[in-house]
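Colleague: when you get a sec, could you give me coordinates for this:
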Amino acid sequence: MNSQQTLTLWIPKKTLNQAPQTQKNERNKARESVKLLDPLCHYNTSLSSISRLKGLTMQAKLTGQGRMELLLSPYSGIYLKPLIRRDIETCTPWLRLMAELQLVANRNNSDYELPARDPIDYMYVQPEHIPAINSMCNQFFWPGIDLTETLQYPDFSCVVLCGRLIVGFAFMVPDVKHTESYISFIFTRPGWRNCGIGKFMIYHLIQTSLGKDITLHVSVDNPAIFLYQQFGFKVEKVELDFYDKYFRNDVKQSKNAFFCRLERDLLPE
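Modeller: Sure, this is the predicted structure:
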């Protein structure tokens with residue numbers, strides 16, 4: 001009996017008779033498992049020590065207030081103002097729905113008046129924002145995202161809150177190349193879209209990186225591409241299966257991506 005025959009005896013009969021389609025399914029399952037285990041694709045979602053040590057004070061938690069103090073940027077060494085912008089006029093679909101529900105619930109009370117609406121605040125990222133942002137990234141993007149690293153360069157961030165609810169965020173990685181920065185994530189919560197929130201976040205990130213090109217990836221079937229084009233982003237190339245190692249197979253969104261660039265004139269030295 002030669003070695004090949006000996007090896008064959010140890011292979012289960014079920015495996016030898018397995019249909020090609022079944023074998024293909026097994027390979028696909030193995031690939032999906034690798035996506036969840038590959039450390040190059042996913043990150044630990046647990047809170048790091050910086051998020052725990054630099055969170056809100058007990059007084060702020062009890063009073064429901066956010067952090068309204070100057071924020072020192074580890075990247076630039078400058079103090080950032082607590083607010084980028086405060087919007088008291090925009091009424092999103094979600095806010096309108098909540099107001100209608102309150103009116104219906106109190107329709108028998110002739111003296112009822114709607115309470116004052118919280119403003120929409122645009123802020124730089126802070127440690128207490130990270131848990132909620134990570135949770136939304138895992139829900140709306142893919143598992144394993146941890147954006148704690150953005151606390152090292154808060155200058156290139158924008159977190160949008162209504163009260164204590166995070167309704168949007170955008171992050172840019174500075175200096176991925178000598179003359180280039182990269183927008184890594186931008187997101188607006190459903191019910192808060194088409195109200196100018198995403199547009200202002202992009203505008204803010206562009207203003208933080210004057211004189212440098214800005215690049216990003218976007219799925220080829222994502223309508224956000226039209227918003228980017230309004231700011232001057234142009235498709236530089238199509239990257240096939242760019243999101244393949246991130247998206248699960250059951251995700252309907254295309255895994256192909258446009259690589260877009262906003263070209264900027266370099267500032268004179």
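
Colleague: all contacts plus neighbour counts: C-alpha atoms, from now on.
Modeller: Noted.

Colleague: list the buried residues in the helix or strand harbouring Phe169.
Modeller: According to DSSP states H and E, Phe169 maps onto strand 165-177. For strand 165-177, the neighbour count (16 or more other Cα atoms under 10 Å) marks 166-174 as buried.

Colleague: which outside residues touch it?
Modeller: 129, 132-133, 150, 153, 156-161, 180-189, 192, 197-198, 201-202, 205, 209 (Cα atoms under 8 Å, 6 or more residues apart in numbering).

Colleague: swap in 7 Å and give it another go.
Modeller: Outside of strand 165-177, the residues within contact range by Cα atoms under 7 Å, 6 or more residues apart in numbering are 156-161, 181-189, 192, 201, 205.

Colleague: can you select the buried ones from these in ChimeraX?
Modeller: Those of these that count as buried under 16+ other Cα under 10 Å are selected in ChimeraX with:
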select :156,157,158,159,160,161,181,182,183,185,186,187,188,189,192,201,205
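
Colleague: mind checking which of the contacts of strand 165-177 are in strands?
Modeller: 157-161, 181-188 (DSSP state E).

Colleague: need the residues you listed in JSON lines with pLDDT and distance to Lys252, can you?
Modeller: Listed next are the ones in strands among the contacts of strand 165-177 as JSON lines, based on pLDDT from 0 to 100; distance: Cα to Cα, whole Å:
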{"residue": "Ser157", "pLDDT": "97", "distance to Lys252": "29"}
{"residue": "Cys158", "pLDDT": "97", "distance to Lys252": "28"}
{"residue": "Val159", "pLDDT": "97", "distance to Lys252": "27"}
{"residue": "Val160", "pLDDT": "96", "distance to Lys252": "27"}
{"residue": "Leu161", "pLDDT": "95", "distance to Lys252": "29"}
{"residue": "Ser181", "pLDDT": "95", "distance to Lys252": "29"}
{"residue": "Tyr182", "pLDDT": "96", "distance to Lys252": "25"}
{"residue": "Ile183", "pLDDT": "96", "distance to Lys252": "23"}
{"residue": "Ser184", "pLDDT": "95", "distance to Lys252": "21"}
{"residue": "Phe185", "pLDDT": "96", "distance to Lys252": "19"}
{"residue": "Ile186", "pLDDT": "96", "distance to Lys252": "19"}
{"residue": "Phe187", "pLDDT": "96", "distance to Lys252": "18"}
{"residue": "Thr188", "pLDDT": "96", "distance to Lys252": "19"}
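
Colleague: adding distance to Ile214, write those residues out as a markdown table.
Modeller: Shown next, in a markdown table, are the ones in strands among the contacts of strand 165-177 (distance: Cα to Cα, whole Å):
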| residue | distance to Ile214 |
| --- | --- |
| Ser157 | 14 |
| Cys158 | 16 |
| Val159 | 19 |
| Val160 | 21 |
| Leu161 | 25 |
| Ser181 | 5 |
| Tyr182 | 6 |
| Ile183 | 7 |
| Ser184 | 11 |
| Phe185 | 13 |
| Ile186 | 14 |
| Phe187 | 17 |
| Thr188 | 20 |
